[in-house]
Every structure is written in C-alpha cells, then in structure tokens.
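1. Below are the sequence and a predicted model for it; my questions follow.
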Amino acid sequence: MSDAFRIERHGDVAVVVPSSEVESLQWELIEEAADLVVAPISQMEVPMVVIDLSEVEFFGSVFLSLLLRTWKSVYQQGGTMVLCGVSQRARELLKLTALDTLWAIYETREEAMQVLQAD
C-alpha cells in the first residue's frame, strides 16, 4: 500500500503522487490509504495540497472516496486542494460526478504549485 502513494513537501505545499496502483484500489484498503494520505496533511497548519495524477490513467469509486476524504480534511483545516496531470478518462469521470466543480484542475504540477504559492 505504501507504494501506492508518494507525498512530497515543497515549502508550504504537499504534493500527493498516487501511482497506477490506485487504479485497482480495493474498499478493504481505503482506511489504510486514507491514513497514509490524510495523516501527514492533517499535521499541516493550513494545508495546501496538489494531487498529481500524472501516473494514473483512470480510477474508480474507491479512489474518488479517498480524494473526497483528503479534500474534507484539507477543507476543515481551511486549506486548498487542487488536482493536476489528470488524464482525459479521469477528467470525464470528475465531470460526470461534478467533482470538477469542487477542485481546480491544472495541466501541470508547476502550474498548480504556482497558483497555490501565490495565495
């Protein structure tokens, strides 16, 4: 499970990089995955989080649930979460679920970082 995510710190911004393993994430592992991702973010005073999906082609409801949990934690702490590197298939899913209205989506990590660091 720990191979499924990398979390990088760039100053005040946390970058979460899920691997392609999340494409087949099972419900039984959602708690473990949430702990891996949300725990370090919950330690930040006002979290600014970039979810870099460039290694992920597609994902299902389990990963969507994880994204929502992460966003909820960030939001409750007054932070901001954005997505970048979203594939066309994943973009369609986010649009279908209207989650593209909840999170800003940027083409590149650099673009997302610039926006968050400018706030």
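-> On my side now, so go ahead.
2. Could you list every helix and strand in contact with the helix or strand where residue 17 lies?
-> Assigned by DSSP states H and E, residue 17 falls within strand 13-18. In this structure, strand 13-18 makes packing contacts with strand 5-10, helix 30-42, strand 48-52, helix 109-118, judged by 3 or more C-beta pairs under 8 Å, 6 or more residues apart in numbering; DSSP states H and E. All C-beta spots, glycine's among them, are computed from the backbone N, C-alpha and C.
3. Sheet-wise, list the partners of it with their directions.
-> strand 5-10 (antiparallel), strand 48-52 (parallel) (DSSP bridges).
4. Just put those in TSV and tack on mean neighbour count, distance to residue 87 and mean pLDDT.
-> Below are those laid out as TSV (neighbours: other C-beta atoms under 10 Å; distance: least, C-beta to C-beta, whole Å; pLDDT from 0 to 100):
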stretch	mean neighbour count	distance to residue 87	mean pLDDT
strand 5-10	13	17	91
strand 48-52	24	12	97
